[in-house]
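Undergrad: need a 3D model of the sequence below.
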Amino acid sequence: MKRKKFTALLAALTLMVSITACGSSNNGGNAAADASSNAGTESAANSSTNDSAGGAAITPEDGAQLVVWDSKEERVYTDEIAKQFTEKYGVPVKIEEVAPADQVTKLTQDGPSGLAADVVVFPHDNLGRAVEAGLLLENDEFAEETTNNNTEASIQAVTYDGALYGYPRSAETYALYYNKSLVKEAPKSFDDVIAFGKTYTDKSKNKYGIMWETGNMYYNYPFIATTGGYIYGQNGTDKDDIGINSDAAIEGLKTYVALKEVLPVKSGDINPDIKRSLFNSGDVAMDINGPWELAGYKAALGDNLGVAPIPTIGGKAAISFSGIKAWYVNSFTQYPNAAKLFAEFATTKEAQLTLNEKVGAIPTNKEALESDQIKNDPYISAFAEQTQNSQPMPSIPEMGNVWSPVNAALPEIWDNGKDPKEAMDKAAQQIKDLNNGAAK
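TA: Sure thing, here's the model as predicted:
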(Lines give C-alpha, C1' and ligand atoms only; values in the text may rest on other atoms or scores of the structure.)
Protein backbone atom coordinates (compact mmCIF):
# COMPACT_ATOMS: atom_id res chain seq x y z
CA MET A 1 0.00 0.00 0.00
CA LYS A 2 2.85 2.41 0.77
CA ARG A 3 4.19 1.97 -2.73
CA LYS A 4 0.79 2.73 -4.24
CA LYS A 5 0.29 5.82 -2.09
CA PHE A 6 3.76 7.13 -2.90
CA THR A 7 3.23 6.54 -6.63
CA ALA A 8 -0.08 8.40 -6.58
CA LEU A 9 1.41 11.27 -4.56
CA LEU A 10 4.43 11.59 -6.80
CA ALA A 11 2.21 11.67 -9.88
CA ALA A 12 0.00 14.31 -8.33
CA LEU A 13 2.95 16.53 -7.34
CA THR A 14 4.60 16.16 -10.72
CA LEU A 15 1.44 17.14 -12.52
CA MET A 16 0.26 19.84 -10.14
CA VAL A 17 1.62 22.67 -12.21
CA SER A 18 -0.40 21.53 -15.21
CA ILE A 19 -3.61 20.59 -13.48
CA THR A 20 -6.45 22.98 -14.11
CA ALA A 21 -9.77 23.09 -12.33
CA CYS A 22 -11.01 19.53 -12.20
CA GLY A 23 -13.70 18.81 -14.74
CA SER A 24 -13.17 21.78 -17.05
CA SER A 25 -14.96 19.86 -19.76
CA ASN A 26 -18.27 21.39 -20.81
CA ASN A 27 -19.96 18.02 -21.34
CA GLY A 28 -23.22 17.67 -19.43
CA GLY A 29 -25.28 20.25 -17.62
CA ASN A 30 -26.11 20.89 -14.02
CA ALA A 31 -29.21 22.65 -12.78
CA ALA A 32 -27.95 22.52 -9.21
CA ALA A 33 -24.76 24.41 -10.06
CA ASP A 34 -26.66 26.99 -12.10
CA ALA A 35 -29.22 27.55 -9.36
CA SER A 36 -26.50 28.09 -6.80
CA SER A 37 -24.16 30.22 -8.89
CA ASN A 38 -24.66 33.10 -6.47
CA ALA A 39 -23.70 31.03 -3.44
CA GLY A 40 -20.54 32.57 -2.04
CA THR A 41 -17.45 30.68 -1.06
CA GLU A 42 -17.82 32.16 2.43
CA SER A 43 -20.67 29.71 3.08
CA ALA A 44 -18.50 26.80 1.95
CA ALA A 45 -15.57 27.90 4.08
CA ASN A 46 -17.72 28.14 7.17
CA SER A 47 -19.46 24.78 6.63
CA SER A 48 -18.28 21.66 8.34
CA THR A 49 -19.63 18.23 9.04
CA ASN A 50 -19.87 16.04 12.06
CA ASP A 51 -23.23 14.53 11.18
CA SER A 52 -22.45 10.91 11.99
CA ALA A 53 -21.42 9.46 15.31
CA GLY A 54 -17.67 9.49 15.43
CA GLY A 55 -17.56 11.38 12.13
CA ALA A 56 -14.77 13.62 11.05
CA ALA A 57 -15.09 17.40 11.02
CA ILE A 58 -13.79 18.76 7.72
CA THR A 59 -14.70 21.82 5.73
CA PRO A 60 -14.83 22.36 1.97
CA GLU A 61 -11.83 24.22 0.56
CA ASP A 62 -12.22 27.93 -0.21
CA GLY A 63 -13.69 28.30 -3.68
CA ALA A 64 -14.42 24.58 -3.98
CA GLN A 65 -16.56 23.43 -6.88
CA LEU A 66 -17.12 19.84 -7.84
CA VAL A 67 -17.63 17.79 -10.96
CA VAL A 68 -19.44 14.49 -10.48
CA TRP A 69 -19.86 11.65 -12.96
CA ASP A 70 -22.99 9.50 -12.95
CA SER A 71 -25.11 7.55 -15.38
CA LYS A 72 -27.90 9.07 -17.41
CA GLU A 73 -30.33 6.57 -15.89
CA GLU A 74 -29.56 7.56 -12.28
CA ARG A 75 -29.04 11.26 -12.80
CA VAL A 76 -32.48 12.09 -11.41
CA TYR A 77 -31.13 11.03 -8.01
CA THR A 78 -27.78 12.76 -8.41
CA ASP A 79 -29.43 16.04 -9.42
CA GLU A 80 -31.46 15.99 -6.21
CA ILE A 81 -28.48 15.12 -4.01
CA ALA A 82 -26.32 17.77 -5.68
CA LYS A 83 -28.98 20.38 -5.04
CA GLN A 84 -29.20 19.44 -1.36
CA PHE A 85 -25.41 19.36 -1.02
CA THR A 86 -25.04 22.83 -2.51
CA GLU A 87 -27.75 24.19 -0.24
CA LYS A 88 -25.94 22.79 2.80
CA TYR A 89 -22.31 23.52 1.96
CA GLY A 90 -22.44 26.27 -0.66
CA VAL A 91 -20.34 24.19 -3.06
CA PRO A 92 -21.54 24.18 -6.68
CA VAL A 93 -21.78 20.71 -8.26
CA LYS A 94 -21.68 20.03 -11.97
CA ILE A 95 -22.87 16.64 -13.17
CA GLU A 96 -21.53 14.94 -16.27
CA GLU A 97 -23.09 11.79 -17.70
CA VAL A 98 -20.60 8.92 -17.93
CA ALA A 99 -21.60 5.25 -17.78
CA PRO A 100 -20.28 3.73 -14.52
CA ALA A 101 -18.68 0.81 -16.35
CA ASP A 102 -16.61 3.31 -18.39
CA GLN A 103 -15.50 5.56 -15.56
CA VAL A 104 -12.26 3.85 -14.50
CA THR A 105 -11.01 3.88 -18.08
CA LYS A 106 -11.95 7.53 -18.47
CA LEU A 107 -10.45 8.38 -15.08
CA THR A 108 -7.20 6.70 -16.12
CA GLN A 109 -7.06 8.93 -19.18
CA ASP A 110 -8.35 12.21 -17.72
CA GLY A 111 -7.39 12.06 -14.05
CA PRO A 112 -3.70 13.04 -14.28
CA SER A 113 -4.48 15.97 -16.57
CA GLY A 114 -7.12 17.39 -14.24
CA LEU A 115 -10.00 16.84 -16.66
CA ALA A 116 -11.79 14.09 -14.72
CA ALA A 117 -14.56 14.40 -12.18
CA ASP A 118 -13.76 14.94 -8.52
CA VAL A 119 -16.21 12.22 -7.50
CA VAL A 120 -16.91 9.13 -9.60
CA VAL A 121 -19.12 6.06 -9.30
CA PHE A 122 -18.48 2.57 -10.66
CA PRO A 123 -19.14 -1.12 -9.88
CA HIS A 124 -16.75 -2.49 -7.29
CA ASP A 125 -15.19 -5.12 -9.54
CA ASN A 126 -13.24 -2.26 -11.17
CA LEU A 127 -11.78 -1.16 -7.83
CA GLY A 128 -8.51 -3.08 -7.99
CA ARG A 129 -7.63 -1.63 -11.37
CA ALA A 130 -8.32 1.90 -10.15
CA VAL A 131 -6.28 1.51 -6.94
CA GLU A 132 -3.33 -0.10 -8.70
CA ALA A 133 -3.26 2.89 -11.06
CA GLY A 134 -3.22 5.34 -8.12
CA LEU A 135 -6.51 6.96 -9.14
CA LEU A 136 -8.38 7.04 -5.82
CA LEU A 137 -8.15 8.57 -2.37
CA GLU A 138 -8.94 6.36 0.59
CA ASN A 139 -12.18 6.83 2.49
CA ASP A 140 -10.40 7.94 5.64
CA GLU A 141 -12.39 10.82 7.12
CA PHE A 142 -15.65 8.82 7.10
CA ALA A 143 -14.31 5.28 7.43
CA GLU A 144 -15.92 4.57 10.78
CA GLU A 145 -19.45 5.63 9.89
CA THR A 146 -19.24 4.10 6.42
CA THR A 147 -18.25 0.76 7.95
CA ASN A 148 -20.83 0.90 10.74
CA ASN A 149 -23.73 2.05 8.59
CA ASN A 150 -23.46 -0.33 5.63
CA THR A 151 -23.68 -4.08 5.13
CA GLU A 152 -20.61 -6.20 5.63
CA ALA A 153 -20.74 -7.37 2.00
CA SER A 154 -20.73 -3.80 0.70
CA ILE A 155 -17.78 -2.82 2.88
CA GLN A 156 -15.85 -5.88 1.75
CA ALA A 157 -16.58 -4.94 -1.84
CA VAL A 158 -15.20 -1.39 -1.61
CA THR A 159 -12.11 -2.38 0.36
CA TYR A 160 -8.90 -3.23 -1.47
CA ASP A 161 -5.65 -4.52 -0.01
CA GLY A 162 -6.91 -3.75 3.48
CA ALA A 163 -7.86 -0.12 2.77
CA LEU A 164 -11.36 1.32 2.47
CA TYR A 165 -11.85 3.40 -0.68
CA GLY A 166 -15.53 3.45 -1.53
CA TYR A 167 -18.68 5.02 -0.14
CA PRO A 168 -21.32 2.33 -0.92
CA ARG A 169 -24.59 3.57 -2.35
CA SER A 170 -26.44 0.52 -3.74
CA ALA A 171 -26.29 -3.24 -4.11
CA GLU A 172 -27.16 -5.16 -7.22
CA THR A 173 -27.91 -8.85 -7.50
CA TYR A 174 -30.47 -11.08 -9.17
CA ALA A 175 -33.51 -12.95 -7.89
CA LEU A 176 -36.34 -15.15 -9.15
CA TYR A 177 -39.12 -13.50 -11.12
CA TYR A 178 -42.24 -15.63 -11.46
CA ASN A 179 -45.65 -15.37 -13.08
CA LYS A 180 -48.27 -15.79 -10.37
CA SER A 181 -50.89 -16.89 -12.89
CA LEU A 182 -48.69 -19.89 -13.66
CA VAL A 183 -46.76 -20.43 -10.43
CA LYS A 184 -49.07 -19.96 -7.45
CA GLU A 185 -46.24 -19.87 -4.91
CA ALA A 186 -42.56 -19.14 -5.37
CA PRO A 187 -40.56 -22.39 -5.30
CA LYS A 188 -38.42 -22.86 -2.21
CA SER A 189 -35.83 -25.12 -3.83
CA PHE A 190 -34.58 -25.99 -7.29
CA ASP A 191 -36.08 -29.43 -6.72
CA ASP A 192 -39.43 -27.61 -6.65
CA VAL A 193 -38.45 -25.77 -9.84
CA ILE A 194 -37.71 -29.06 -11.58
CA ALA A 195 -40.97 -30.60 -10.38
CA PHE A 196 -42.96 -27.65 -11.76
CA GLY A 197 -40.94 -27.59 -14.97
CA LYS A 198 -41.84 -31.19 -15.72
CA THR A 199 -45.51 -30.17 -15.76
CA TYR A 200 -45.07 -27.01 -17.81
CA THR A 201 -42.11 -27.29 -20.17
CA ASP A 202 -43.03 -28.14 -23.75
CA LYS A 203 -40.18 -27.46 -26.15
CA SER A 204 -42.41 -27.98 -29.20
CA LYS A 205 -44.49 -24.99 -28.04
CA ASN A 206 -41.49 -22.98 -26.86
CA LYS A 207 -42.81 -23.04 -23.29
CA TYR A 208 -40.48 -23.48 -20.32
CA GLY A 209 -40.87 -23.61 -16.58
CA ILE A 210 -37.74 -21.54 -16.01
CA MET A 211 -35.13 -19.75 -18.08
CA TRP A 212 -31.91 -17.94 -17.32
CA GLU A 213 -28.62 -17.32 -19.11
CA THR A 214 -27.13 -20.77 -18.65
CA GLY A 215 -23.82 -19.85 -20.29
CA ASN A 216 -23.12 -16.74 -18.20
CA MET A 217 -21.08 -17.23 -15.01
CA TYR A 218 -22.70 -14.19 -13.40
CA TYR A 219 -26.09 -15.88 -13.20
CA ASN A 220 -24.68 -19.34 -12.51
CA TYR A 221 -22.51 -18.43 -9.54
CA PRO A 222 -25.13 -19.88 -7.12
CA PHE A 223 -24.40 -23.35 -8.51
CA ILE A 224 -20.71 -22.85 -7.65
CA ALA A 225 -20.86 -20.95 -4.37
CA THR A 226 -23.90 -22.21 -2.47
CA THR A 227 -22.34 -25.56 -1.66
CA GLY A 228 -18.97 -23.99 -0.82
CA GLY A 229 -17.21 -23.22 -4.11
CA TYR A 230 -15.69 -19.83 -4.89
CA ILE A 231 -13.74 -17.88 -7.49
CA TYR A 232 -10.71 -16.79 -5.47
CA GLY A 233 -9.93 -17.59 -1.84
CA GLN A 234 -9.56 -15.20 1.09
CA ASN A 235 -12.78 -13.37 0.23
CA GLY A 236 -11.79 -12.99 -3.40
CA THR A 237 -8.30 -11.61 -2.77
CA ASP A 238 -6.04 -14.66 -3.33
CA LYS A 239 -5.51 -15.18 -7.04
CA ASP A 240 -3.56 -18.39 -6.38
CA ASP A 241 -6.49 -20.08 -4.64
CA ILE A 242 -9.00 -20.94 -7.36
CA GLY A 243 -12.16 -22.69 -6.17
CA ILE A 244 -14.37 -23.16 -9.22
CA ASN A 245 -13.27 -26.80 -9.57
CA SER A 246 -13.33 -27.73 -5.88
CA ASP A 247 -15.39 -30.69 -4.70
CA ALA A 248 -17.85 -28.23 -3.15
CA ALA A 249 -18.33 -26.39 -6.44
CA ILE A 250 -18.83 -29.63 -8.38
CA GLU A 251 -21.50 -30.66 -5.86
CA GLY A 252 -23.49 -27.52 -6.60
CA LEU A 253 -23.11 -27.99 -10.34
CA LYS A 254 -25.08 -31.23 -10.05
CA THR A 255 -28.19 -29.09 -9.61
CA TYR A 256 -27.18 -27.01 -12.64
CA VAL A 257 -26.96 -30.20 -14.74
CA ALA A 258 -30.29 -31.50 -13.43
CA LEU A 259 -32.10 -28.36 -14.59
CA LYS A 260 -31.31 -29.18 -18.22
CA GLU A 261 -34.29 -31.55 -18.08
CA VAL A 262 -36.74 -28.65 -17.77
CA LEU A 263 -34.81 -26.21 -19.96
CA PRO A 264 -33.73 -28.22 -23.01
CA VAL A 265 -32.33 -25.20 -24.85
CA LYS A 266 -28.77 -24.54 -26.01
CA SER A 267 -27.07 -21.83 -23.96
CA GLY A 268 -26.36 -19.81 -27.11
CA ASP A 269 -30.09 -19.64 -27.84
CA ILE A 270 -30.84 -17.85 -24.58
CA ASN A 271 -30.25 -14.11 -24.48
CA PRO A 272 -31.91 -11.24 -22.61
CA ASP A 273 -34.20 -10.25 -25.49
CA ILE A 274 -35.49 -13.79 -26.09
CA LYS A 275 -35.98 -14.46 -22.41
CA ARG A 276 -37.73 -11.15 -21.81
CA SER A 277 -40.16 -11.76 -24.64
CA LEU A 278 -41.02 -15.28 -23.48
CA PHE A 279 -41.51 -14.24 -19.88
CA ASN A 280 -43.69 -11.27 -20.79
CA SER A 281 -45.90 -13.49 -22.96
CA GLY A 282 -46.28 -16.22 -20.32
CA ASP A 283 -44.27 -18.81 -22.22
CA VAL A 284 -41.60 -18.77 -19.51
CA ALA A 285 -42.98 -19.11 -15.99
CA MET A 286 -39.83 -18.12 -14.05
CA ASP A 287 -36.76 -16.07 -14.84
CA ILE A 288 -33.55 -15.45 -12.89
CA ASN A 289 -32.75 -11.80 -13.51
CA GLY A 290 -31.83 -8.47 -11.98
CA PRO A 291 -33.77 -5.39 -10.86
CA TRP A 292 -33.09 -3.72 -14.20
CA GLU A 293 -35.95 -5.82 -15.63
CA LEU A 294 -38.42 -4.89 -12.89
CA ALA A 295 -40.14 -1.92 -14.54
CA GLY A 296 -40.68 -3.78 -17.82
CA TYR A 297 -41.93 -6.94 -16.14
CA LYS A 298 -44.33 -4.97 -13.94
CA ALA A 299 -45.72 -3.26 -17.01
CA ALA A 300 -46.21 -6.60 -18.79
CA LEU A 301 -47.57 -8.74 -15.95
CA GLY A 302 -49.04 -6.25 -13.49
CA ASP A 303 -50.29 -7.94 -10.32
CA ASN A 304 -49.29 -11.34 -11.67
CA LEU A 305 -45.61 -10.54 -11.22
CA GLY A 306 -43.85 -12.04 -8.23
CA VAL A 307 -40.24 -11.75 -7.07
CA ALA A 308 -38.56 -14.09 -4.60
CA PRO A 309 -35.05 -15.04 -3.50
CA ILE A 310 -33.30 -17.65 -5.62
CA PRO A 311 -34.40 -21.20 -4.68
CA THR A 312 -32.21 -23.20 -2.35
CA ILE A 313 -29.49 -25.55 -3.59
CA GLY A 314 -28.70 -28.65 -1.58
CA GLY A 315 -30.87 -27.35 1.24
CA LYS A 316 -28.85 -24.13 1.53
CA ALA A 317 -29.83 -20.54 0.76
CA ALA A 318 -28.57 -19.73 -2.72
CA ILE A 319 -25.53 -17.45 -2.83
CA SER A 320 -25.63 -15.01 -5.73
CA PHE A 321 -23.04 -12.62 -7.09
CA SER A 322 -23.53 -9.05 -6.00
CA GLY A 323 -22.18 -5.87 -7.43
CA ILE A 324 -21.77 -2.86 -5.17
CA LYS A 325 -21.99 0.55 -6.77
CA ALA A 326 -20.13 3.17 -4.78
CA TRP A 327 -18.82 6.71 -4.94
CA TYR A 328 -15.04 7.23 -5.00
CA VAL A 329 -12.87 10.34 -4.76
CA ASN A 330 -10.42 11.05 -7.58
CA SER A 331 -6.86 11.22 -6.20
CA PHE A 332 -6.11 14.18 -8.48
CA THR A 333 -8.97 16.36 -7.23
CA GLN A 334 -8.10 19.91 -6.19
CA TYR A 335 -10.86 19.76 -3.58
CA PRO A 336 -10.44 16.53 -1.60
CA ASN A 337 -12.37 17.77 1.44
CA ALA A 338 -15.37 18.87 -0.61
CA ALA A 339 -15.24 15.66 -2.65
CA LYS A 340 -15.17 13.46 0.45
CA LEU A 341 -18.03 15.44 1.95
CA PHE A 342 -20.09 14.91 -1.20
CA ALA A 343 -19.39 11.17 -1.34
CA GLU A 344 -20.46 10.79 2.29
CA PHE A 345 -23.49 13.07 1.90
CA ALA A 346 -24.66 11.12 -1.16
CA THR A 347 -24.63 7.76 0.65
CA THR A 348 -26.48 8.43 3.90
CA LYS A 349 -29.64 6.51 4.79
CA GLU A 350 -31.73 9.38 3.41
CA ALA A 351 -29.72 9.59 0.19
CA GLN A 352 -29.98 5.84 -0.42
CA LEU A 353 -33.73 5.92 0.14
CA THR A 354 -33.92 8.76 -2.38
CA LEU A 355 -31.99 6.61 -4.85
CA ASN A 356 -34.42 3.75 -4.23
CA GLU A 357 -37.44 6.01 -4.63
CA LYS A 358 -36.27 7.51 -7.89
CA VAL A 359 -34.63 4.54 -9.66
CA GLY A 360 -35.46 1.44 -7.61
CA ALA A 361 -31.92 0.78 -6.35
CA ILE A 362 -31.32 -1.55 -3.40
CA PRO A 363 -29.70 0.20 -0.42
CA THR A 364 -26.55 -0.94 1.35
CA ASN A 365 -27.28 1.21 4.39
CA LYS A 366 -28.52 -1.12 7.13
CA GLU A 367 -31.11 1.28 8.49
CA ALA A 368 -32.44 1.96 5.01
CA LEU A 369 -32.84 -1.78 4.43
CA GLU A 370 -34.98 -1.99 7.58
CA SER A 371 -37.17 0.97 6.61
CA ASP A 372 -40.84 0.61 5.72
CA GLN A 373 -40.04 2.00 2.27
CA ILE A 374 -38.00 -1.10 1.49
CA LYS A 375 -39.78 -3.72 3.57
CA ASN A 376 -43.23 -2.78 2.25
CA ASP A 377 -42.15 -3.06 -1.38
CA PRO A 378 -42.70 -6.73 -2.31
CA TYR A 379 -40.30 -6.54 -5.24
CA ILE A 380 -37.41 -4.56 -3.80
CA SER A 381 -37.63 -6.43 -0.49
CA ALA A 382 -37.10 -9.73 -2.32
CA PHE A 383 -33.95 -8.39 -3.98
CA ALA A 384 -32.84 -6.93 -0.65
CA GLU A 385 -33.31 -10.34 0.97
CA GLN A 386 -31.23 -11.97 -1.74
CA THR A 387 -28.43 -9.44 -1.24
CA GLN A 388 -28.14 -10.74 2.33
CA ASN A 389 -27.13 -14.10 0.80
CA SER A 390 -24.84 -12.66 -1.84
CA GLN A 391 -21.09 -12.39 -2.25
CA PRO A 392 -19.45 -9.39 -3.93
CA MET A 393 -17.52 -10.17 -7.06
CA PRO A 394 -13.76 -10.16 -6.42
CA SER A 395 -12.32 -6.72 -7.10
CA ILE A 396 -8.70 -7.74 -7.74
CA PRO A 397 -7.51 -7.12 -11.32
CA GLU A 398 -7.26 -10.89 -11.91
CA MET A 399 -11.06 -11.12 -11.83
CA GLY A 400 -10.89 -10.13 -15.48
CA ASN A 401 -9.18 -13.45 -16.21
CA VAL A 402 -12.11 -15.50 -14.91
CA TRP A 403 -15.01 -14.68 -17.19
CA SER A 404 -13.90 -16.15 -20.51
CA PRO A 405 -12.69 -19.56 -19.21
CA VAL A 406 -15.80 -20.14 -17.09
CA ASN A 407 -18.16 -18.80 -19.76
CA ALA A 408 -16.60 -21.36 -22.11
CA ALA A 409 -16.84 -24.20 -19.58
CA LEU A 410 -20.52 -23.73 -18.77
CA PRO A 411 -21.78 -24.27 -22.35
CA GLU A 412 -19.56 -27.35 -22.58
CA ILE A 413 -21.40 -28.74 -19.56
CA TRP A 414 -24.87 -27.51 -20.55
CA ASP A 415 -24.83 -28.04 -24.31
CA ASN A 416 -22.44 -30.95 -24.75
CA GLY A 417 -22.84 -32.91 -21.54
CA LYS A 418 -19.19 -32.56 -20.55
CA ASP A 419 -18.31 -33.73 -17.05
CA PRO A 420 -18.43 -30.65 -14.76
CA LYS A 421 -15.20 -31.59 -13.01
CA GLU A 422 -13.32 -31.94 -16.28
CA ALA A 423 -14.71 -28.68 -17.67
CA MET A 424 -13.96 -26.72 -14.51
CA ASP A 425 -10.47 -28.20 -14.14
CA LYS A 426 -9.70 -26.89 -17.61
CA ALA A 427 -11.14 -23.46 -16.82
CA ALA A 428 -9.20 -23.27 -13.55
CA GLN A 429 -5.95 -24.04 -15.35
CA GLN A 430 -6.67 -21.36 -17.95
CA ILE A 431 -7.31 -18.82 -15.21
CA LYS A 432 -4.09 -19.81 -13.45
CA ASP A 433 -2.12 -19.44 -16.68
CA LEU A 434 -3.63 -16.02 -17.34
CA ASN A 435 -2.87 -14.87 -13.79
CA ASN A 436 0.71 -16.00 -13.93
CA GLY A 437 1.25 -14.33 -17.28
CA ALA A 438 -0.24 -10.99 -16.20
CA ALA A 439 2.20 -8.10 -16.01
CA LYS A 440 2.65 -6.66 -12.54
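Undergrad: so what's the closest residue to Asp283 other than its chain neighbours up against?
TA: Distances taken as Cβ to Cβ, 6 or more residues apart in numbering place Lys207 nearest to Asp283, at 4.9 Å, with adjacent residues excluded. The way it works is simple: take the backbone N, C-alpha and C, and place the C-beta from them, glycine included. Applying Cβ atoms under 8 Å, 6 or more residues apart in numbering, one finds that Lys207 lies in contact with Tyr200, Thr201, Asp283, Val284.
Undergrad: so which of the residues you listed wins on neighbours?
TA: Val284 (27 neighbours; other Cβ atoms under 10 Å).
Undergrad: tell me the bridge partners for the residue nearest to Asp283.
TA: Bridge pairing for Lys207 (DSSP bridges) gives the partners Asp202.
Undergrad: which elements pack onto the helix or strand where Leu294 lies?
TA: Under DSSP states H and E, the secondary-structure element containing Leu294 is helix 294-301. Packed against helix 294-301, as judged by 3 or more Cβ pairs under 8 Å, 6 or more residues apart in numbering; DSSP states H and E, are the following elements: helix 272-281, strand 305-308.
Undergrad: got the contact list for the shortest one?
TA: Defining contact as Cβ under 8 Å, 6+ apart, one finds that strand 305-308 is touched by 175-180, 183, 186-187, 294, 297-298, 378-379, 382-383.
Undergrad: report the longest helix in the protein, please.
TA: Longest among the helix segments of the chain by residue count, using DSSP state H, is helix 420-437.
Undergrad: what domains does the record give for the chain?
TA: Residue ranges for the structural domains of the chain, counted by automatic domain parsing, are given in the record as 2-172+323-391, 175-321+395-437.
Undergrad: looking at the longest one now, give me its mean pLDDT.
TA: By that I understand domain 2-172+323-391. In this model, domain 2-172+323-391 has a mean pLDDT of 83.
Undergrad: just how off-centre is that domain within its chain?
TA: Put simply, domain 2-172+323-391 sits 14 Å off its chain's centre (Cα atoms, centre = their mean, to the nearest Å).
Undergrad: now Gln352: closest residue in space, sequence neighbours ignored.
TA: Nearest non-adjacent residue to Gln352, counting by Cβ to Cβ, 6+ apart: Pro363, 4.0 Å away.
Undergrad: tell me the contacts of that neighbour?
TA: Each residue near Pro363 by Cβ under 8 Å, 6+ apart is listed here: Ser170, Ala171, Lys349, Gln352, Leu353, Leu355, Asn356, Leu369, Ile374, Ala384.
Undergrad: just the ones in helices from the residues you listed, please.
TA: Cross-referencing these against helices under DSSP H gives Lys349, Gln352, Leu353, Leu355, Asn356, Leu369, Ile374, Ala384.
Undergrad: okay, now the third one: neighbour count?
TA: Counted with other Cβ under 10 Å, the neighbours of Leu353 add up to 19.
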